[in-house]
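Asker: Please work out how this folds:
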Amino acid sequence: MAGYLIQTDGRPLADVQRQLRKYLPGLDCRLFPVGPDRALLRGHLLEALQREYTAPPAVWLSVLGIQAPQRLQDDEILALLRTRDPDALPALKPPTPAPVGTLDWHLDMVRAPAAWQLLGGPGHIVWGSTKVAQLDTGYTRHPAFGFGAATWIAEAHARTDLPPPPNGGGNAFQTPEPGFGLDPVTGFNGGHGTRIGATISGHDLIADGRPFYGVAPKVPHLPIRMTDAVWINHAQRQFADGLDHAVHHGAGVVNVSLGVVLGQVLPEMKQALDRAYEAGVIVVCAAGNYVDPVVAPARLSRTVAVAGVTSKEQPWSGSSFGPEVDFSAPAADLRRADLRSAAQFRYTGGGDGTSYATAITTGAAALWLTHRRADIAAAYAGHAWCVPEAFRVLARQTARVPNATWQPDGVFGRGILDIAALLAAPLPAVTDLTKTPQV
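Answerer: Coordinates of the predicted model:
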């Protein structure tokens, strides 16, 4: 039961959200506005109200200020989110939580600083052969990537390969593609690649008065622009070609903060995932947002599927969930590298989505590959598939169960990613690992 469209009885949406938090204190109860007095309410919250309160629904809906909710199918939810006007929506998100010292809260939650110290500190990690790739909307020349000084973006191999426009032809008014992986910041999710990419590899000591760090600061980073939207049902062949390109150019981990929603997964995508797994590449994928079932490729075998949590260690209400999820990571109210246009850069709060949880996990994989490089090479020589399998096993085993209400191996996975514990864990032997069947 993915969600409901609700309309208030005249009260502000902020008041309705406060009432929800009052009556469901153990859950993340945020609403997702689609208009001044209309919002998406996730289905599991309505189910929780029905379990907790014996009064007829009309009674507690009236107390909350909600008029008769309209049940939505997943495709209707996506259509609502695509057509909403962000400038006309009330601000309901809580402010980005206070930093821990000078660091953003999400770094502390996954124990990134402790992991950095094993490698010399966030500005001094010697990455060696470690490289991450990112299939997304591309990148911009944001200071978070070292532009203005020395960038770690692999510009020489960055790539643009977008699907052709629907129904053939093009739009005479469409912004020309700059090529080479650069994002012109157009389309439904323009700039997404920058926001997520900087969460992986960002490093800017003077960001906005305090440092900004990705989880793997300054790791060599290969951006591949293969879409201008996070829904990639139409771009699966570009996904496959981009993943092959990443593997060919030496990426050890690939970030996929994208999803195929409510559509068939093409053989090309599955085959590319199989090739990456057999080559020893870790493919980290977002569970999805606002719809219940985990989206592809996260729901497919041979990937690492990541759901989202809040700063209060609660499952984020916008996260997709299901048995395919391996573990969770921060996905709400993050400070992020952002932009007003392709050439106007800034840092802002409000980063929401399992895209961010995926980026955090990709950074963790890069740290693990670097810290354990010699051990990995010795343990898995001739068995490349063991590298992504061992990462998945260890990240699950070392995930932290945050509280008594968390259900290990439930729909939000084993627990919350703990990078320091991951790096400290001994590698499993080849004989202790089971090769995941083909996608």
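Asker: who's in contact with residue 408?
Answerer: 401, 414-415 (Cβ atoms under 8 Å, 6 or more residues apart in numbering). Glycine gets a C-beta too; all of them are placed from N, C-alpha and C.
Asker: May I have the secondary structure class of it?
Answerer: Three-state assignment for residue 408 (DSSP: H, G, I helix; E, B strand; the rest coil): coil.
Asker: Give me the neighbour count for residue 9.
Answerer: By the criterion of other Cβ atoms under 10 Å, residue 9 has 12 neighbours.
Asker: going forward, begin numbering at 637 instead of 1
Answerer: Shifting the count to begin at 637 puts that one at residue 645.
Asker: Skip the chain neighbours and tell me the closest residue to it.
Answerer: Once flanking residues are discounted, residue 645 sits nearest to residue 701: 5.1 Å by Cβ to Cβ, 6 or more residues apart in numbering.
Asker: Quick check: that neighbour touching residue 650?
Answerer: No. Under the criterion of Cβ atoms under 8 Å, residue 701 is not in contact with residue 650, lying 10.5 Å apart.
Asker: Looking at those two, which one has more neighbours?
Answerer: Between residue 701 and residue 650, residue 701 has the larger neighbour count (other Cβ under 10 Å), namely 21 against 14.
Asker: any idea how far that one is from residue 945?
Answerer: Noted for residue 701: a distance of 27 Å to residue 945, by Cβ to Cβ, to the nearest Å.
Asker: Then residue 1062?
Answerer: From residue 1062 to residue 945 the distance is 27 Å (Cβ to Cβ).
Asker: Between these two, which has more neighbouring residues?
Answerer: Neighbours per residue, other Cβ under 10 Å: of residue 1062 and residue 945, the larger number sits with residue 945, 28 against 9.
Asker: Now for that one: which residues touch it?
Answerer: Counting by Cβ under 8 Å, 6+ apart, residue 945 touches 951-952, 955, 964-968, 993, 1038, 1048, 1052.
Asker: Who's the closest spatial neighbour of it, skipping the chain neighbours?
Answerer: Counting by Cβ to Cβ, 6+ apart, residue 964 is the residue found nearest to residue 945 once chain neighbours are left out, at 4.7 Å.
Asker: for residue 917, same thing?
Answerer: Leaving aside its sequence neighbours, residue 917 sits nearest to residue 883 (Cβ to Cβ, 6+ apart; 5.4 Å).
Asker: Using just helix, strand and coil, how would you label the one you found?
Answerer: Three-state call for residue 883 (three-state DSSP): helix.
Asker: That one: neighbouring residues, count only.
Answerer: Per other Cβ under 10 Å, the neighbour tally for residue 883 reads 20.
Asker: Is it in contact with residue 916, as I believe?
Answerer: No. Counting by Cβ under 8 Å, residue 883 does not reach residue 916; the two are 9.1 Å apart.
Asker: per the record, what domains does the protein have?
Answerer: Using automatic domain parsing, the domain parsing of the chain gives 639-724, 741-1068.
Asker: tell me the mean pLDDT for the longest one?
Answerer: It refers to domain 741-1068. When pLDDT is averaged along domain 741-1068, the result is 95.
Asker: list the buried ones in stretch 684-703?
Answerer: 684-685, 696-697, 700-702 (16 or more other Cβ atoms under 10 Å).
Asker: can I have it written out in PDB, keeping just the CAs?
Answerer: The C-alpha trace of stretch 684-703 is given here as PDB (Å, rounded to 0.1, in the frame of the first residue of the first chain):
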ATOM      1  CA  ALA A 684      -0.100   2.200  11.800                       C
ATOM      2  CA  LEU A 685      -2.900   4.500  12.800                       C
ATOM      3  CA  GLN A 686      -5.400   1.800  12.100                       C
ATOM      4  CA  ARG A 687      -3.500  -0.600  14.300                       C
ATOM      5  CA  GLU A 688      -2.900   1.800  17.200                       C
ATOM      6  CA  TYR A 689      -6.300   3.400  17.500                       C
ATOM      7  CA  THR A 690      -9.600   1.600  17.800                       C
ATOM      8  CA  ALA A 691     -11.800   4.600  17.000                       C
ATOM      9  CA  PRO A 692     -13.400   4.600  13.500                       C
ATOM     10  CA  PRO A 693     -11.100   6.200  10.900                       C
ATOM     11  CA  ALA A 694     -13.400   9.100  10.400                       C
ATOM     12  CA  VAL A 695     -12.700  10.100  14.000                       C
ATOM     13  CA  TRP A 696      -9.000  10.100  14.000                       C
ATOM     14  CA  LEU A 697      -8.800  11.500  10.500                       C
ATOM     15  CA  SER A 698     -10.800  14.500  11.700                       C
ATOM     16  CA  VAL A 699      -8.500  14.900  14.700                       C
ATOM     17  CA  LEU A 700      -5.500  14.900  12.400                       C
ATOM     18  CA  GLY A 701      -7.200  17.400  10.000                       C
ATOM     19  CA  ILE A 702      -7.300  15.000   7.100                       C
ATOM     20  CA  GLN A 703     -10.200  14.800   4.700                       C
END
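Asker: Sounds good, over and out.
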